[in-house]
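> When you get a sec, could you give me coordinates for this:
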Amino acid sequence: MSSPDDYDLEAEIFSAALDEHSPEPIGTLLELGCGGGNNACHLANHYEMTLVDISPGMLDVSRKLNPDCEHHEGDMRTVRLGRTFDAVFIHDAIMYMTSEADLLAAFETAFVHTRPGGAALFVPDYTTENFEEATKQGGHDMGDRSMRFLQWDYDPDPADTTHACFFTYLFREGNGPVRVESEEHVMGLFSRETWVELIARAGFQPYVLPYDGSTFDPPVTGEMFLGTKTPGVVSGE
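Got it, this is the predicted structure:
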């Protein structure tokens, strides 16, 4: 669906935000919801990476792409590795948190894995303030296998905390017929105020950072959320 090469510019945005705003230098980084490891393959050039995802299949893909990274199966709301890291990173997988309780649980997981003086970076696709109905398309060829996709983001009920993300995929192998599949994902959608409030409730000092992808094709802009962990704070309660 996407090539690791497509993530190099975005990963530079994330590493720059972490390095600039973390209270202390970052050596170790935990990524929650790593997916197939496309961000990690670039971030691993900067940090010692540990990767967590709920999907065994995604972890298999990431292990092939990132053989030098440590991998664990787990849910970002509940996983506990029993140690801390200089920083924690959650990219768009956090969009699968569809309630405030789920979102807070993910922040609390990040908090307990962040060492005192460390930081956590959260990068949602949208907040309520910047959500717009949109369609995206893409795909790749690999040998005699090809895939194309259309993604449609829309919000059927602006009064709740979710939006819909509908995908249609087209697959072709060799000279065979094109196969069509589709699926709908329910994604979280929260206000900027809610993000900041819940990050603070988890125990972090919250900050809102600009996401400047104006040089991307197509351009992308938005917001990232950073939490720093004050030394001496041991609980998000």
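> Tell me where this structure has helices.
8-21, 40-43, 56-65, 100-112, 192-201 (DSSP state H).
> With adjacent residues omitted, what lies nearest to G74?
Excluding its sequence neighbours, the residue lying closest to G74 (C-beta to C-beta, 6 or more residues apart in numbering) is V52, at 4.9 Å. Backbone N, C-alpha and C define where each C-beta goes, glycine included.
> what's the one you found in contact with, if anything?
L30, E31, L32, G33, C34, H71, H72, E73, G74, M76, V79, L81 (C-beta atoms under 8 Å, 6 or more residues apart in numbering).
> likewise V61?
V61 makes contacts with G35, G36, G37, as judged by C-beta under 8 Å, 6+ apart.
> Scan those and report the most crowded one.
Neighbour counts for these (other C-beta atoms under 10 Å) peak at G37, which has 26 neighbours.
> So what touches the longest strand anywhere in the chain?
Counting residues, the longest strand in the chain under DSSP state E turns out to be strand 162-173. Outside strand 162-173, the residues within contact range by C-beta under 8 Å, 6+ apart are 1, 98, 126, 131, 139, 144-156, 178-189.
> can you give me the offset of that strand from its chain's centre?
Distance of strand 162-173 from the chain centroid (C-alpha atoms, centre = their mean, to the nearest Å) equals 19 Å.
> in its sheet, what does that strand sit against?
Here strand 162-173 is paired, per DSSP bridges, with strand 145-154 (antiparallel), strand 179-188 (antiparallel).
> residue contacts, G82?
Going by C-beta under 8 Å, 6+ apart, G82 touches no other residue.
> What does the residue of the chain most remote from its centre show for phi and psi?
Computed with C-alpha atoms, centre = their mean, the maximum C-alpha offset from the centroid of the chain is found at N175, amounting to 35.8 Å. Main-chain dihedrals, N175, degrees, to the nearest 10: phi -100, psi 20.
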